[in-house]
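J.: Generate a structure from the sequence data that follows.
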Amino acid sequence: LVIDVASDDGGAQRRLPTTPKRMATLLAACRFTNGADSAAVLALYEKTAKAVLGTVEKLYYIGLPLVRGDAWTSPALLAEALNYCESLRTLFLVGNRLDDEGVAELAAGLEDGALPALEVLALGHNRYGARGVEAVCGVFRRGVAPRLQNLSFAFMPIGDAGAAAVAA
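T.: Predicted structure coming up:
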């Protein structure tokens with residue numbers, strides 16, 4: 001059980017998973033007594049991160065602000081982590097304050113064929129419209145989430161253009 005405490009602006013304070021790429025960047029700023037220690041730490045972390053992220057089946061990010069350019073909670077960092085989630089079946093990105101540009105950043109960061117087991121994707125209560133929906137739907141043409149069965153844009157102002165993007 002994880003309970004987030006609200007930040008001053010009402011958002012959750014949890015950070016996204018640190019991927020091996022992000023860990024390499026963080027480790028580069030650290031000093032080790034033996035230069036080889038950095039490589040050993042990174043190799044252990046990569047093995048652990050792949051094991052954990054590769055086996056997670058459900059992720060619920062509800063109320064966690066995903067802010068472009070944020071060092072810990074940007075849509076690009078989320079996409080980087082999602083690329084490791086081979087067993088993920090359910091993903092809720094609800095109330096994350098995502099706008100059109102944030103959704104486009106998230107979509108651009110997903111590798112072709114990512115999320116092979118994803119069945120449920122909930123993206124409601126955010127701030128994007130038709131352009132964001134088009135960015136989301138564009139990833140499906142790249143083989144992302146081939147098993148998707150349920151896609152939700154609940155309480156979103158997607159309009160006719162967004163509905164057309166979903167229908168295509």
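
J.: for the chain, what spans make up the helices?
T.: Ranges of helices in the chain, per DSSP state H, are 20-28, 35-55, 75-82, 100-109, 130-140, 159-167.

J.: got the contact list for Pro17?
T.: Residues near Pro17 by C-beta atoms under 8 Å, 6 or more residues apart in numbering: 49, 52-53, 81. Just so you know, the C-beta spots here come from the backbone N, C-alpha and C atoms, and that holds for glycine as well.

J.: Can I have the buried ones of these as a ChimeraX selection?
T.: With 16 or more other C-beta atoms under 10 Å as the burial test, the buried ones among these are selected in ChimeraX as follows:
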select :49,53,81
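
J.: Quick check: which of the helices of the chain is nearest to Phe92?
T.: Minimum separation from Phe92 across those (C-beta to C-beta) falls at helix 75-82, 12.3 Å.

J.: Can you add pLDDT and distance to Pro20 and give the contacts of Pro17 back as TSV?
T.: Conversion of these to TSV gives the following (pLDDT from 0 to 100; distance: C-beta to C-beta, whole Å):
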residue	pLDDT	distance to Pro20
Ala49	89	5
Val52	91	11
Leu53	92	10
Ala81	95	10
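
J.: can I get the contacts of Pro17 in CSV with distance to Leu121?
T.: As requested, the contacts of Pro17 are exported to CSV (distance: C-beta to C-beta, whole Å):
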residue, distance to Leu121
Ala49, 22
Val52, 21
Leu53, 17
Ala81, 15
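
J.: so which pair among the contacts of Pro17 is furthest apart in space?
T.: It's Val52 and Ala81 that sit farthest apart of the contacts of Pro17, by C-beta to C-beta, at 10.3 Å.
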